[in-house]
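1. Sequence first, then the predicted structure:
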Amino acid sequence: MPGRIVRVWKGYGTAEGVERYCREHVAKTVLPQLKALDGFVDASVLLRPLGNQTEVVVATVWDSINSVKAFAGERYQHAVVEPVVRGLLERFDDHVAHFSIAVTAAEGLTEPADQVAGAS
């Protein structure tokens, strides 16, 4: 697991818009596309209510920062947001954060990923 990267992006919308985002966009389009990419490991979509909105946090796991770059390009700090998302969510972050995995339940302590230093 050394070198694995978690890419985190956030969006916000109505409960209905977020539900459609998860059911129609993530499940039917995003996940199949990601699963076809070398270096993609896993994805989780997390939700929480925030007043009259719902926050969506998408965390994808990659083998390395190079795998992230193969997906997102050299401007990998920028979010990859398809036009359909603009109709489902009210707002979203234009940038993403990248984290190296330090400890997991399955693997314990891992080697830090030097590659992610300075990237956020």
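-> Sure, I can see it. These numbers come from a predicted model, not from an experiment. Numbers count the residues shown, from 1 in each chain.
2. what's the longest helix in this structure?
-> Using DSSP state H, we find that the single longest helix of the chain is helix 65-72.
3. Tell me which residues of that helix come out buried.
-> When neighbours are counted by 16 or more other C-beta atoms under 10 Å, the buried residues of helix 65-72 are found to be 65, 67, 68, 69, 70, 71, 72. Glycine gets a C-beta too; all of them are placed from N, C-alpha and C.
4. Looks like the second one contacts residue 40 (just checking).
-> So that's residue 67. Yes - counting by C-beta atoms under 8 Å, residue 67 does reach residue 40; the two are 6.8 Å apart.
5. circling back to that earlier point, just the CA coordinates of the longest helix of the chain, formatted as CSV?
-> Output of helix 65-72 as CSV, limited to C-alpha atoms (Å, rounded to 0.1, in the frame of the first residue of the first chain):
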residue,chain,number,x,y,z
ILE,A,65,0.1,10.4,-7.7
ASN,A,66,1.0,9.3,-11.3
SER,A,67,-2.3,7.4,-11.5
VAL,A,68,-4.1,10.5,-10.3
LYS,A,69,-2.3,12.5,-13.1
ALA,A,70,-3.3,9.9,-15.7
PHE,A,71,-6.9,10.5,-14.7
ALA,A,72,-6.9,14.2,-14.1
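6. now for it, which elements pack on it?
-> strand 5-13 (3 or more C-beta pairs under 8 Å, 6 or more residues apart in numbering; DSSP states H and E).
7. the helices in the chain, which residues?
-> 15-20, 31-35, 65-72.
8. Please report how far residue 82 lies from residue 37.
-> 15 Å (C-beta to C-beta, to the nearest Å).
9. residues contacting residue 92?
-> Neighbouring residues of residue 92 by C-beta atoms under 8 Å, 6 or more residues apart in numbering: 9, 10, 11, 12, 79, 81, 85.
10. Turn those into TSV, including pLDDT and neighbour count.
-> Shown next, in TSV, are the contacts of residue 92 (pLDDT from 0 to 100; neighbours: other C-beta atoms under 10 Å):
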residue	pLDDT	neighbour count
9	98	18
10	98	18
11	98	23
12	98	16
79	96	18
81	94	14
85	96	19
